[in-house]
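Colleague: how does the following fold in three dimensions:
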Amino acid sequence: MISVSLISLIAYFLSVPLTIIMILWLYDDEKRSFGKIVPTKKTMCECDICLYHFTADKEDKFVRCPQCGNLMERKGAKR
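Modeller: Reported below is the predicted structural model:
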């Protein structure tokens, strides 16, 4: 007969379900984050004065910095 202590049984019966739950949680989290990249009509801009980074429409030739209010021509804008 195999003798198993009570502490070993408790540790086994707690660790197995917790491990399964953790694996399922990580799988679900990875599945949800996959494919979240969505095309957008915005692009990143950097202010020439305060170096603040913000988003602006790709079609805008001139953008205003929301931090300092500087009006600047966006680099790479379509003319």
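Colleague: for Lys42, see how far away the residue nearest to the spatial centre of the chain is.
Modeller: The centroid of the chain falls nearest to Ser33 when counting by CA atoms, centre = their mean (8.2 Å). Relative to Lys42, Ser33 is positioned 21 Å away (CB to CB, to the nearest Å). Any C-beta I mention is one placed from the backbone N, CA and C, and that applies to glycine too.
Colleague: got it, and Met72?
Modeller: Distance of Met72 to Lys42, computed by CB to CB: 16 Å.
Colleague: out of those two, which sits in the busier spot?
Modeller: Neighbours were counted for Met72 and for Lys42 using other CB atoms under 10 Å; Met72 has more, 14 against 11.
Colleague: quick check: beta-bridge partners of that one?
Modeller: Val63 (DSSP bridges).
Colleague: same check, this time on Thr43
Modeller: Bridge pairing for Thr43 - DSSP bridges - gives Ala56.
Colleague: I'd say it and Asp60 touch.
Modeller: No - between Thr43 and Asp60 there is no contact under CB atoms under 8 Å: 9.2 Å.
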